[in-house]
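# Just to be clear, the model below is a prediction. Sequence and coordinates:
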Number of protein chains: 2
Amino acid sequence: MAFEQTYLTLADIEAARARIGPYVRRTPVLTSEVLDDAAGARLYFKCENLQQIGAFKARGATNAVFALSEAEAAHGVATHSSGNHGSAVARAAKLRGVPAYIVMPEGAARPKAIQIERLGGQITYCAPTQAARETGVAEVIARTGATLIHPYDNRLVMAGQGTAALELMEDAPDLDMVLAPIGGGGLVSGVSTAVKALRPAARMIGVEPAGADDAARSFAAGRLIPLTEVNTLADGLRASLSADTFAHIRRGVDEIATVSEAAIVDAMRALWEALKVVVEPSAAVAYAAIRDGRVEARGRRVGVILTGGNVDLDRLPWVKA
Amino acid sequence: MAFEQTYLTLADIEAARARIGPYVRRTPVLTSEVLDDAAGARLYFKCENLQQIGAFKARGATNAVFALSEAEAAHGVATHSSGNHGSAVARAAKLRGVPAYIVMPEGAARPKAIQIERLGGQITYCAPTQAARETGVAEVIARTGATLIHPYDNRLVMAGQGTAALELMEDAPDLDMVLAPIGGGGLVSGVSTAVKALRPAARMIGVEPAGADDAARSFAAGRLIPLTEVNTLADGLRASLSADTFAHIRRGVDEIATVSEAAIVDAMRALWEALKVVVEPSAAVAYAAIRDGRVEARGRRVGVILTGGNVDLDRLPWVKA
């Protein structure tokens, strides 16, 4: 019997919202007359950079950790993301009072380790390869019985990320279009599910760096084409889709746009300047598609998800060292 | 007959709130677990950097411009501030459909002129001295019949700035303490009036750069001591108090703290890092007083007004050129 694809539902996302409500922020939606004039559109920026741990990842990780049974949770949770998802898992585990095991590559930026330790995460270092990270997590799980919380190939994580779209559509009704960046596809899976359920007329657009365009290639080819080479400063978008997130993209995404590195930096700076918020490069790609004319937004009401704000303030991409 | 000092009232601020409601944002109050842990306090940051034109100045200017009679307004409004207040006056005049005349010193940063022109302000250049600015405004007013909107020595401006405190106290109830920066004193006059009326138990603290400490000196001496020398990168706080704002400070402020330039830069960076918002140096001084231990906040619920976010993103004070 062939594997039958199932899909995330609006009910999953509503359940996630109820579950994570006490632990995450209802982030503001910001607007800018300057950016609206530049785009000839009404832009509604959902500021997940203002979310706990500075990224939407708090939503999915919290949903996955709090959905565990008491017996499962008691053994703790594990992941090998040292970025925003790692912080999100550590924070959720701390809130639930269970251990979080985070496998990090040696040589990872020290601030990330400090942040995870502050959140009570127990770090295990491994060699800086994908294989070593996966082996490292497998070993931790074998030793502790912890549950793996995958950064995106996990329905509870996908559902949690989708809660951002519920709030966006409440605060900015009657959207004609919603844009979200695509890395591993967890965010866009959840967001597109919510958008297509509640506002089917809205166009759902995913955006990727041209230097990490597996979703665009896969979408065009109709089959999953993993990344073989990655070249982007948008470090949150370097992951490849999973079969499941790809299936959700095929179901719920109308278009995938790609943007250049220069367009990402330009959009990032424009967002800081006009909205007065700190967004990381990965968070600027959706707006970059509008600003650089890769998506036709003129005259539309457009929701844009700003995914995170964790950047090295000493190394801004527009400041020459 | 001696001059009798009168004071701003809560009713003035409530009237301002009703008047400016359609034209300004109800800005969010943000919190940070990291900053709370560092301070041992609960900090509620009122994000006026996310206000229209990127600063609380939109409140006061909008109140003053919209309070004018039709006959007065028809001749337009004028000011010689080229900073946030200039933008705020230009925007308010545009919304009311009347001319705004902004006198700017030659050599002022070009982005400020671009912003004011975008908002429809008519710029007149003058020599870069205080005397030339005042003469320039007087000439514009003589020629046009425009009404001067002083950046702080104006009761309607003071009342408008106070509306930020009404919102802060609604979103963060039971505050033990409220901190606001002091430049010319318009903000602290309005904020202290609102705080002492609605939450008399709360301690009202003004904060100044040590390099522009006329309010601290005047407060200690019991008489107005204008600045003779200014040395701070907090360019929004270089003005001297007026007799009227000083009277309001003596009535409503319990304590004035001063902070070093290093503490301002450190606080500014910490706010960007933890809150993911862009604040200008002037906006960081209130938090700097807590971070640098100049104000005892431990165990308290503290409201902190972040006043603005207009900075040159190419020249951040912690990035060495």
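Perfect, I can see it now.

# Do I have it right that residue A:281 meets residue A:262?
No. Taking CB atoms under 8 Å as the definition, residue A:281 is not a contact partner of residue A:262, at 11.6 Å. Bear in mind the C-beta positions are built from the backbone N, C-alpha and C, glycine included.

# the more surrounded of the two?
residue A:281 (23 against 11; other CB atoms under 10 Å in any protein chain shown).

# and chain A, what are its domains?
A:10-56+A:155-306, A:58-148 (automatic domain parsing).

# So which of these is nearest chain B?
Closest approach to chain B among those is made by domain A:10-56+A:155-306 (3.4 Å; CB to the nearest CB).

# Tell me the gap between the closest one and the middle of its chain.
8 Å (CA atoms, centre = their mean, to the nearest Å).

# what about it and chain B, any contact?
Yes. Contact of domain A:10-56+A:155-306 with chain B (CB under 8 Å from any CB of the partner chain) involves A:28, A:30, A:33-34, A:49-50, A:52, A:54, A:269, A:272-273, A:275-279.

# so where do the strands sit in the stretch 1-150 of chain A?
With DSSP state E, counting those that start in this stretch as the criterion, the stretch 1-150 of chain A has strands at A:29-30, A:42-47, A:77-79, A:100-105, A:122-126, A:147-148.

# ranking the ones you listed by burial, who's on top?
strand A:77-79 (a mean of 28; mean count of other CB atoms under 10 Å in any protein chain shown).

# Which strands and helices lie in contact with that one?
Of the remaining helices and strands, those touching strand A:77-79 by 3 or more CB pairs under 8 Å, 6 or more residues apart in numbering or on different chains; DSSP states H and E are helix A:84-96, strand A:100-105, helix A:130-144, strand A:147-148.

# between the third one and strand A:122-126, how many degrees?
The reference is to helix A:130-144. If you take axes from the mean of the first three to the mean of the last three CA atoms, to 10 degrees, helix A:130-144 sits at 140 degrees to strand A:122-126.

# what's in contact with helix A:130-144?
A:75-76, A:78-80, A:99, A:101, A:103, A:105, A:124, A:126, A:146-148 (CB atoms under 8 Å, 6 or more residues apart in numbering or on different chains).

# What average pLDDT does it get?
Helix A:130-144 shows a mean pLDDT of 93.

# Then the second one?
Averaged across strand A:100-105, the pLDDT comes to 93.

# Within its sheet, name the partner strands of it and how each one runs.
strand A:77-79 (parallel), strand A:122-126 (parallel) (DSSP bridges).

# Any part of the helix or strand of chain A with the lowest mean pLDDT near chain B?
In chain A, the helix or strand scored least confidently by mean pLDDT, DSSP states H and E is helix A:110-118, which has a mean of 86. Yes. Legend: contact between helix A:110-118 and chain B by CB under 8 Å from any CB is shown at residue A:118.

# Using CSV, write out every CA atom in that helix.
Written as CSV, here are the backbone C-alpha positions of helix A:110-118 (Å, rounded to 0.1, in the frame of the first residue of the first chain):
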residue,chain,number,x,y,z
ARG,A,110,29.8,31.7,21.5
PRO,A,111,26.7,33.9,22.0
LYS,A,112,24.5,31.1,20.8
ALA,A,113,25.9,28.7,23.5
ILE,A,114,25.5,31.4,26.2
GLN,A,115,21.9,32.0,25.2
ILE,A,116,21.1,28.3,25.3
GLU,A,117,22.9,27.8,28.7
ARG,A,118,21.0,30.8,30.1
